[in-house]
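Novice: got a sequence here, can you model it:
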Amino acid sequence: MDYDNKNHDCSRGCVVERDDTGALQVTYERGCCKLSDFDWLQGIDEAKYRDLYEVRFKNTHKLIFRNDTGQDLKAGDLVVVEAANGHDLGIVTLSGAVVLRQMMRRRINPETYQFKRIYRKAKALDIERWQEAIAREQSTMIRARQLAANLGLDMKIGDVEFQGDGTKAIFYYIADERVDFRQLIKDFAEAFHIRIEMKQIGARQEAGLIGGLGVCGRPLCCSKFMADFKSITTQAARCQDLALNPQKLAGQCSKLKCCINYEASAYVDARKNLPDAREPLDFRDGLAYLVKTDVLMGTMWFSFDKNNMSNMFPLSAEQVAQIKDLNRHGKKGDPVIEKNRSADEEPEFVTSVGDDSISRFDSSPRKRQRGGRPRPGRSRSEGERLAAPERKAEGGRAGKEGRDERPRRSEGERRGGRHDNRNPRFGRGNENKA
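Specialist: Numbering: from 1, shown residues only. Below you'll find the predicted structure:
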């Protein structure tokens, strides 16, 4: 096989390639796409629902079908199934007892639900027609966006899915308000000569179709494993003490991030064990105000100045409850030692070994040496350091005594420097030049 001839269709979870004879070969890949399937009930026989199969289409769109013909089907088989108009082609993903669990998750009652039928396994002609319809999807989506823009509609065509027989297409669109697209459907039918179905999706579903990387460095949850999107409110961010900054809380879909809901329930349960500290605690040192709370650790930080966070001290939830009980009976809490800590005092950095300090990188200020700087590479002994002031005093006296013995310099020497041939401005230098 030529691996360059392979086409990985991740939207449908399959690999398409042609063999040496030119025939199309479609292979289902479980883990290459969103919502990969795993039959964790494999080997368990469910006789009542043995003829039910889960069939997958584009963009993780799955439905449950009934096999009335009695064909031997298994996961990965391409089947032709019943559609509203004509027929469609999909891939069998699950069979057996696990299908019943999937129906329970989707709230499908097998006794009352009208299951569509599986006609047969897909033949070579069905696969060829299916691939021809798939090849038209990209160009159809671009043309559909142009037609919508010409009509001035406030909507966006996000994706196009063709039916297996190529006679119908589903246009997924995004719109903030209600859109009247009756004229648009007429333009689509005239341009593409197929049956049109419009289906609205949200911004989160659009982000799942496009994909990308989040701020955590991993693929977007909506494009990796999420299929059911629940509403996310700012209350979930408040209970976790997250900063209510829209730029940090919004995802690539401009909505609140789905991961905000992941730990919200854990924070709600942890907050039940924390006492209410809206009123300040009364200590002998004064009134202490709640500044911040570590919900998961059960630690509450207080400060005697509610507008200053420099002198905070931690208290556990049990300690806060005890102090509140004392205040309720008219008593005050014991003095807090942490209050006496100065504001500029910083805790010393200690490594896990405990033998290093981060302050070793700080350069110590150099002091000006009044007795002269020693030569590099030479250290004075203790005797030399003690004799240095005496020598300095003797040198000072000798300088004063010999100051009158030195000849005075002339005015020219004081202005121009030494008398030599290198300085032609004064003395013999001018005569030689002349």
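Novice: can you pull the buried residues of stretch 225-239?
Specialist: Going by neighbour count (16 or more other C-beta atoms under 10 Å), the buried part of stretch 225-239 is 226, 232, 236-237, 239. To be clear about C-beta, it is placed using only N, CA and C from the backbone, and glycine gets the same treatment.
Novice: burial of residue 317, as a residue count?
Specialist: 17 (other C-beta atoms under 10 Å).
Novice: nope, residue 37 is what I was after
Specialist: Residues lying near residue 37 (other C-beta under 10 Å) number 19.
Novice: excluding its backbone neighbours, what's nearest it?
Specialist: Nearest residue to residue 37, sequence neighbours excluded (C-beta to C-beta, 6 or more residues apart in numbering): residue 93, at 4.6 Å.
Novice: wait, isn't that neighbour in contact with residue 56?
Specialist: Yes: assessed by C-beta atoms under 8 Å, residue 93 is found in contact with residue 56 at 4.7 Å.
Novice: who's more crowded, those two?
Specialist: Per other C-beta under 10 Å, whichever of residue 93 and residue 56 has more neighbours is residue 93, with 24 against 21.
Novice: how about the more buried one, secondary structure?
Specialist: Look at residue 93: counting by DSSP: H, G, I helix; E, B strand; the rest coil, its state is strand.
Novice: and if you look at the one 10 residues further on?
Specialist: On the three-state scheme (three-state DSSP), residue 103 is labelled helix.
Novice: how about it, what does it touch?
Specialist: Going by C-beta atoms under 8 Å, 6 or more residues apart in numbering, residue 103 touches 52, 64, 109-110, 113.
Novice: tell me how the chain divides into domains.
Specialist: Domains of the chain are assigned by automatic domain parsing as 3-122, 136-201, 281-340.
Novice: in TSV: those domains, plus distance to residue 219.
Specialist: Compiled in TSV, the domains of the chain are given as follows (distance: least, C-beta to C-beta, whole Å):
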stretch	distance to residue 219
domain 3-122	9
domain 136-201	18
domain 281-340	27
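Novice: thinking again about what came up before, can you give me the pLDDT of the residue nearest to residue 37?
Specialist: As predicted, residue 93 sits at a pLDDT of 88.
Novice: contacts only, for it.
Specialist: 28, 37, 54-56, 62, 75.
Novice: again with residue 172
Specialist: The contact partners of residue 172, by C-beta under 8 Å, 6+ apart, come to 157-161, 199-201, 205, 209.
Novice: what about it, distance to residue 51?
Specialist: 31 Å (C-beta to C-beta, to the nearest Å).
Novice: just residue 223 next, same as before
Specialist: When residue 223 is compared with residue 51 (using C-beta to C-beta), they lie 33 Å apart.
Novice: likewise for residue 199?
Specialist: Going from residue 199 to residue 51 by C-beta to C-beta gives 29 Å.
Novice: quick one, which of the two is more surrounded?
Specialist: A direct count of neighbours by other C-beta under 10 Å for residue 199 and residue 51 places residue 51 higher, at 18 against 11.
Novice: isn't that one right up against residue 65?
Specialist: No: applying C-beta under 8 Å as the test, residue 51 and residue 65 come out as separate, 9.3 Å apart.
Novice: buried residues in stretch 101-112, which are they?
Specialist: So, applying 16+ other C-beta under 10 Å, buried residues of stretch 101-112: 102-103, 108.
Novice: for residue 287, state which of these is nearest.
Specialist: Comparing these against residue 287 with C-beta to C-beta places residue 102 closest, at 58.7 Å.
Novice: surely that closest one and residue 110 touch.
Specialist: No: counting by C-beta under 8 Å, residue 102 does not reach residue 110; the two are 11.0 Å apart.
Novice: on that earlier part again, and the residue nearest to residue 37, how far is that from residue 116?
Specialist: Taking C-beta to C-beta, one finds residue 93 at 16 Å from residue 116.
Novice: which residues of the stretch 251-400 of the chain fall in helices?
Specialist: Along the stretch 251-400 of the chain, counting by DSSP state H, counting those that start in this stretch, helices occupy 264-271, 317-328, 382-401.
Novice: now do the helices in the stretch 1-150 of the chain.
Specialist: Here the stretch 1-150 of the chain has its helices, by DSSP H, counting those that start in this stretch, at 98-105, 124-135, 137-150.
Novice: among these, which is nearest residue 168?
Specialist: Using C-beta to C-beta, the nearest of the helices of the stretch 1-150 of the chain to residue 168 is helix 124-135, at 9.4 Å.
Novice: which residues touch that closest one?
Specialist: For helix 124-135, contacts defined as C-beta under 8 Å, 6+ apart pick out 9, 16, 23-24, 26, 78, 80, 89, 122, 162-166.
Novice: list the buried residues for it?
Specialist: Applying 16+ other C-beta under 10 Å to helix 124-135 flags 126-127, 129-131, 133-134 as buried.
Novice: any low-confidence regions in the stretch 251-400 of the chain?
Specialist: The model of the stretch 251-400 of the chain has pLDDT under 70 over residues 336-400.
Novice: can we see that at 50?
Specialist: In the predicted model, the stretch 251-400 of the chain carries pLDDT under 50 at residues 338-344, 347, 349, 351-354, 382, 393, 398-400.
Novice: how about the CA coordinates for stretch 223-240, as PDB?
Specialist: Extracted in PDB, the C-alpha atoms of stretch 223-240 (Å, rounded to 0.1, in the frame of the first residue of the first chain):
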ATOM      1  CA  SER A 223     -13.100  18.900  20.100                       C
ATOM      2  CA  LYS A 224     -11.600  16.000  22.000                       C
ATOM      3  CA  PHE A 225     -14.300  14.300  24.100                       C
ATOM      4  CA  MET A 226     -17.300  16.600  25.000                       C
ATOM      5  CA  ALA A 227     -20.600  16.100  23.200                       C
ATOM      6  CA  ASP A 228     -23.100  17.400  25.700                       C
ATOM      7  CA  PHE A 229     -22.700  21.100  26.500                       C
ATOM      8  CA  LYS A 230     -24.100  22.300  29.800                       C
ATOM      9  CA  SER A 231     -24.800  25.900  30.700                       C
ATOM     10  CA  ILE A 232     -22.000  27.600  32.500                       C
ATOM     11  CA  THR A 233     -22.600  30.600  34.800                       C
ATOM     12  CA  THR A 234     -20.400  33.000  36.700                       C
ATOM     13  CA  GLN A 235     -21.600  31.400  40.000                       C
ATOM     14  CA  ALA A 236     -19.300  28.500  39.200                       C
ATOM     15  CA  ALA A 237     -16.400  30.900  39.000                       C
ATOM     16  CA  ARG A 238     -17.400  32.800  42.200                       C
ATOM     17  CA  CYS A 239     -17.500  29.600  44.300                       C
ATOM     18  CA  GLN A 240     -13.900  28.900  43.200                       C
END
